[in-house]
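Chemist: build me a model:
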Amino acid sequence: MRFLISLALLCVCVDCARAEEDVFSDFEQIYLTVFEDIIHDHKATDGRVFAVALGEKRGGTLIPMPAELWKRLSARLKAKGVDLAKFVPADEVVWKEVDGDGRLIHESSGKDAWVYVVHQITWRGGQRLYVQEMVTSGFLSGGGSTLILEKKNGKWIIVKRIEGWVS
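Modeler: Numbering: from 1, shown residues only. This is a model prediction of the structure:
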């Protein structure tokens, strides 16, 4: 009897591990899809630098993208002709007061920065989700929207964009 209970628990644990792998695979695919979309659509050419963040901590500190995920995203962006030399790590970008206005600045170069952020992922069943994303360079400079993604043939696809704000 103990053997059967142990075997049953082992099967449950294996299923849980597989489910976790699926969730992490989904998250990676979602982040890559959303960032690829927003960066490709946003074509600022004014000498700024760019950063990618997985969100913000309390107090406005940006959460940088893990190196392995950035490696995958940068390969996708490069294939689309995006100049990767303009990107800096998100943890090198800070808020700074300049001429009475708050701006995002790359600490070491002093250049203005645009930051792409995914704020929230909300699941709507197993095959649909909402993603809050934004791009900003200062207090009154940026925009955000909600993307609706659906899983089709094993891939997350953006099916709708709902513009949220622009300043």
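
Chemist: switch to C-alpha atoms for all contacts and neighbour counts from now on
Modeler: OK.

Chemist: can you get me the start-to-end distance on stretch 85-92?
Modeler: 15 Å (C-alpha to C-alpha, to the nearest Å).

Chemist: which stretches of this structure form strands?
Modeler: Applying DSSP state E to the chain gives strands spanning 49-56, 62-64, 93-98, 101-106, 113-123, 128-138, 141-152, 155-166.

Chemist: just send those back as a markdown table, with mean pLDDT, distance to residue 84 and mean neighbour count too.
Modeler: Formatted as a markdown table, those follow (pLDDT from 0 to 100; distance: least, C-alpha to C-alpha, whole Å; neighbours: other C-alpha atoms under 10 Å):
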| stretch | mean pLDDT | distance to residue 84 | mean neighbour count |
| --- | --- | --- | --- |
| strand 49-56 | 86 | 9 | 21 |
| strand 62-64 | 86 | 16 | 19 |
| strand 93-98 | 84 | 16 | 16 |
| strand 101-106 | 86 | 15 | 20 |
| strand 113-123 | 87 | 14 | 20 |
| strand 128-138 | 89 | 17 | 20 |
| strand 141-152 | 91 | 21 | 18 |
| strand 155-166 | 91 | 23 | 14 |
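
Chemist: out of those, the one nearest residue 72 is which?
Modeler: strand 49-56 (12.9 Å; C-alpha to C-alpha).

Chemist: and that closest one, what does it pack onto?
Modeler: strand 62-64, strand 113-123 (3 or more C-alpha pairs under 8 Å, 6 or more residues apart in numbering; DSSP states H and E).

Chemist: okay if I get these as JSON lines plus distance to residue 157?
Modeler: Output for the helices and strands packed on strand 49-56, formatted as JSON lines (distance: least, C-alpha to C-alpha, whole Å):
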{"stretch": "strand 62-64", "distance to residue 157": "24"}
{"stretch": "strand 113-123", "distance to residue 157": "14"}
